[in-house]
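A.B. asks: The following comprises the amino acid sequence and a computationally predicted model.
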Amino acid sequence: MEKIKGFLLILLCLFAGNLLSSLTGLPVPGSIFGMIILLALLLTKAVRLETVEPAANLLISLMMIMILPGGVDLMNTFGKFAGIIPQLLIVSLLSSLLVIASSAWATQKLMRGKTKDGKGREA
């Protein structure tokens, strides 16, 4: 019963997010608005984490099944990418390296902010 209550709460937040997205006309998906609404409910303690955690864990465990149809569809349309595969590989590689470098930089900045001497030791 607890999973059903949490799942319904997640669905209500998704519905509210989709409604907000259509009413505002902003180019933000309703699912993003729904996650922000759910986050606000959790931060304000209007909803307890224990209520949505079982349903969220179930959805996370099923995530691969939800992504699988998109991957299959991409494989079916692979012929459309025939002339631009090298460009796609280069863009994918460069963007991955950029994400890795920016994450490492941000992590170093955060870690230096926690230590006083900047050498990774607590002062």
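C.D. replies: On my side now, so go ahead.

A.B. asks: list the contacts for the most centrally placed residue in the chain?
C.D. replies: Residue closest to the mean C-alpha point of the chain, counted by Cα atoms, centre = their mean, is residue 32 at 8.6 Å. Residue 32 is in contact with residue 17, counting by Cβ atoms under 8 Å, 6 or more residues apart in numbering. The way it works is simple: take the backbone N, C-alpha and C, and place the C-beta from them, glycine included.

A.B. asks: Give me the mean pLDDT for whichever strand or helix holds it.
C.D. replies: Following DSSP states H and E, one finds residue 32 within helix 30-43. Averaged over helix 30-43, pLDDT sits at 95.

A.B. asks: export the next helix or strand after that helix as CSV, just CAs?
C.D. replies: Once the chain leaves helix 30-43, the next helix or strand it forms, by DSSP H and E, is helix 49-61. C-alpha atoms of helix 49-61 as CSV (Å, rounded to 0.1, in the frame of the first residue of the first chain):
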residue,chain,number,x,y,z
LEU,A,49,10.7,10.9,2.2
GLU,A,50,9.5,7.5,3.5
THR,A,51,6.2,8.0,1.6
VAL,A,52,7.8,8.3,-1.9
GLU,A,53,11.0,6.3,-1.4
PRO,A,54,9.7,2.8,-2.1
ALA,A,55,8.0,3.9,-5.3
ALA,A,56,11.0,5.9,-6.4
ASN,A,57,13.3,3.0,-5.8
LEU,A,58,11.0,0.8,-7.8
LEU,A,59,11.0,3.3,-10.7
ILE,A,60,14.8,3.6,-10.6
SER,A,61,15.1,-0.2,-10.7
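
A.B. asks: Now residue 28, what are its backbone angles?
C.D. replies: Residue 28 adopts backbone torsions of phi -120, psi 130, taken as degrees, to the nearest 10.

A.B. asks: actually residue 46, sorry about that
C.D. replies: phi -70, psi -30.
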